[in-house]
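Undergrad: Dropping the sequence and predicted coords here.
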Amino acid sequence: MSVAARLDLEGYLARIGYLGPRRATRAVLETLHERHVTSIPFENADVRLGRPIHLELEAVEQKLVRARRGGYCFEQNTLFSAALRALGFEVRTLEARVRPPGSRVALPRTHMVLSVAAGGSRWLADVGFGGDGPLRPVPWNGALSSQLGVYRLVRDGPSRVLKLRRYRAWEDLYAFGPEPALPVDFEVGNHFTSTHPSSPFVRGLTVQSASATARRILRGRSYSVRREGGEVLRELTRDEVVTLVREDFGLALTREEVLAALEAVPGEQTKT
């Protein structure tokens, strides 16, 4: 049985609130992508709680669908790729290097993205990049894609770079090559991302989501809301973080779990 065949497709579609047609078309791909991004938050609470991150489809489905949690790129795009394949899409999984603003150092391949064929064209699909990620697939051919900022893919030697124009300036988000990646490749990146002391996911709690009009990003106690006109940033109290995570982001975590994830000291996390 294929990985996609093991997916509870009905449960997944209910989780993202999708009621449309089930055909491998561009319109379906765009709608599924946006529904996933706006329904399942990007978050790293389990990493901060010292819990292992499992990438087997059954584990990802249990966490993101049935337990109504979120996850980061490896979990999110593993789930999305299985759903797309179950609907008949041709999907390739690729590894990317994130390019933080201002950084000139090449980082390891710790991000997972998807290349999807639909409507006679190829698209970059990525439901796991957090608040800055695209709401909808980005054209592979370099055409501009306007969606809470403007995205485009550009060539950089043998690689492609996803760029975002925000507040009139272009910035790199990540770069990826053409070689397909296997599940074992993502296990290596997942281990680094979830355990290495230099990983930002180990160092601090983050929960992020996007809607059609705004991006909401929590990092520690710093909370920002970004819209087309600008950004509002403020510092939250412990109680405000708990309320935001549990009620606004809708994550099924207890108050104690949220506070433990917020205040854990890297290297000293205890399983909660």
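TA: Everything's here; your move.

Undergrad: Where does Gly88 sit: helix, strand or coil?
TA: Under the three-state scheme (DSSP: H, G, I helix; E, B strand; the rest coil), Gly88 adopts coil.

Undergrad: How about Pro52?
TA: Using three-state DSSP as the criterion, the local structure at Pro52 reads coil.

Undergrad: Compute the number of surrounding residues for it.
TA: For Pro52, the tally of surrounding residues (other C-beta atoms under 10 Å) stands at 12. In this view, the C-beta of every residue, glycine as well, is placed from N, C-alpha and C.

Undergrad: Could I get the pLDDT score of the closest residue to it other than its chain neighbours?
TA: Spatial nearest neighbour of Pro52, excluding adjacent residues (C-beta to C-beta, 6 or more residues apart in numbering): Ser194 at 7.3 Å. Ser194 carries a pLDDT value of 97.

Undergrad: Could you check how far Ser194 is from Leu218?
TA: Spatial separation of Ser194 from Leu218 under the definition C-beta to C-beta, to the nearest Å is 19 Å.

Undergrad: quick one: which of these two has more around it?
TA: Here Ser194 and Leu218 are compared on neighbour count by other C-beta under 10 Å; more neighbours surround Leu218, at 25 against 21.

Undergrad: contacting residues for that one?
TA: Taking C-beta atoms under 8 Å, 6 or more residues apart in numbering as the definition of contact, the neighbours of Leu218 are Leu205, Thr206, Val207, Gln208, Leu236, Val241, Leu244, Val245, Phe249.

Undergrad: Restricted to strands, list those.
TA: Among those, the members found in strands (DSSP state E) are Thr206, Val207, Gln208.

Undergrad: mind listing what the second one touches?
TA: Under the criterion of C-beta under 8 Å, 6+ apart, the contact partners of Val207 comprise Pro41, Phe42, Glu43, Asn44, Ala45, Gly70, Leu218, Leu244, Val245, Phe249, Leu251.
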